[in-house]
Every structure is written in C-alpha cells, then in structure tokens.
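# generate coordinates for the sequence data below:
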Amino acid sequence: MTTAAPCLQPRRSEGGDAVPAPAALLAGPGRTWVAEPRWRRVEIRIAGEWRPGRIERWRLRQGSMHWVARVRWGPGARDQGWYLYTPDALRQLSAHGRAADDGG
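Below you'll find the predicted structure:
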C-alpha cells in the first residue's frame with residue numbers, strides 16, 4: 001500500500017470513539033496485509049480517551065469502500081480489535097509520539 005491515507009469514504013463515529021468493524025467486513029473475499037511502518041503508530045479513541053496503539057493489519061473487503069484496521073493498544077486480550085478507519089477515532093502518530101495532524 002503506497003497511498004498517503006488508507007481511506008476512501010470515512011464514516012463518523014458516534015461520540016468520537018472508534019467503531020468496531022462489522023462482521024460482514026471481516027468475512028468473505030478481500031485483501032489483508034501487514035501495516036506499513038509509517039501507519040503502525042496510532043492513537044485510538046476508546047471510551048472517550050485517546051490511547052497509544054499499533055495497527056497490525058489492514059483489511060479491505062472486496063466490493064467495500066470501508067477500510068478496517070487490526071489495532072492493539074495494550075497487552076490484554078481485550079486491548080485489541082478490528083476497527084473501521086475513521087480519522088476522528090484513529091489517528092496516525094509521528095515519530096515523536098504526537099498526532100500527525102497536531103504538527104508532529
């Protein structure tokens with residue numbers, strides 16, 4: 001993947017939190033790949049708080065325009081999941097640990 005931003009038509013989440021990916025986007029034909037290094041460091045908004053995280057994989061279901069990301073933000077089994085990519089709930093971090101859109 002070489003595009004600057006991996007989204008085509010992002011959807012807004014309610015309340016600003018990350019939206020778990022619907023099962024329909026995870027099943028069936030599509031493409032899944034390991035996240036590029038520049039997209040691995042992110043912040044994800046969970047329960048109203050920004051948490052540092054890591055995108056492990058991307059998925060794009062065949063026929064869909066919604067990207068989903070496998071995100072891990074902690075060591076526990078509940079600290080990970082597949083989420084819809086939306087810029088208001090999942091944002092890239094710079095090498096300095098600041099959100100890329102905050103001048104980092």
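# state the number of residues packed around Arg40.
Under the neighbour criterion other Cβ atoms under 10 Å, Arg40 is assigned a count of 14. Using the backbone N, CA and C atoms, a C-beta is placed for each residue, glycine as well.
# likewise Pro29?
Counted with other Cβ under 10 Å, the burial measure for Pro29 works out to 7 neighbours.
# now it, nearest residue through space, not along the chain?
In space, and not counting its chain neighbours, Pro29 is closest to Gln62: 4.3 Å by Cβ to Cβ, 6 or more residues apart in numbering.
# contacting residues around the one you found?
28-31 (Cβ atoms under 8 Å, 6 or more residues apart in numbering).
# strands of the protein, residue ranges please.
Secondary structure of the chain (DSSP state E): strands at 30-34, 41-46, 49-61, 68-72, 80-84, 90-92.
# avg pLDDT for stretch 87-100?
For stretch 87-100, mean pLDDT is 78.
# ignore what I typed, I meant stretch 33-52.
In this model, stretch 33-52 has a mean pLDDT of 92.
# flag every buried residue along it.
By neighbour count on 16 or more other Cβ atoms under 10 Å, the buried set for stretch 33-52 is 35, 39, 41-46.
# for stretch 65-75, same thing?
Buried, per 16+ other Cβ under 10 Å, within stretch 65-75: 66-71, 73.
# now do it: distance to the chain's middle.
Centroid separation between stretch 65-75 and its chain, computed with Cα atoms, centre = their mean, to the nearest Å, is 4 Å.
# how long is that stretch from one end to the other?
Using Cα to Cα, to the nearest Å, the span of stretch 65-75 from its first residue to its last is 30 Å.
# please apply the same query to stretch 34-44.
Taking Cα to Cα as the measure, stretch 34-44 stretches 18 Å from start to finish.
# got it, and stretch 23-39?
23 Å.
# stretch 59-69 too?
6 Å.
# can you give me how far it is from the chain middle?
12 Å.
# same deal with stretch 54-68?
9 Å.
# same thing with stretch 26-35?
Taking mean C-alpha positions (Cα atoms, centre = their mean), stretch 26-35 and its chain are 14 Å apart.
# great, nothing more from me.
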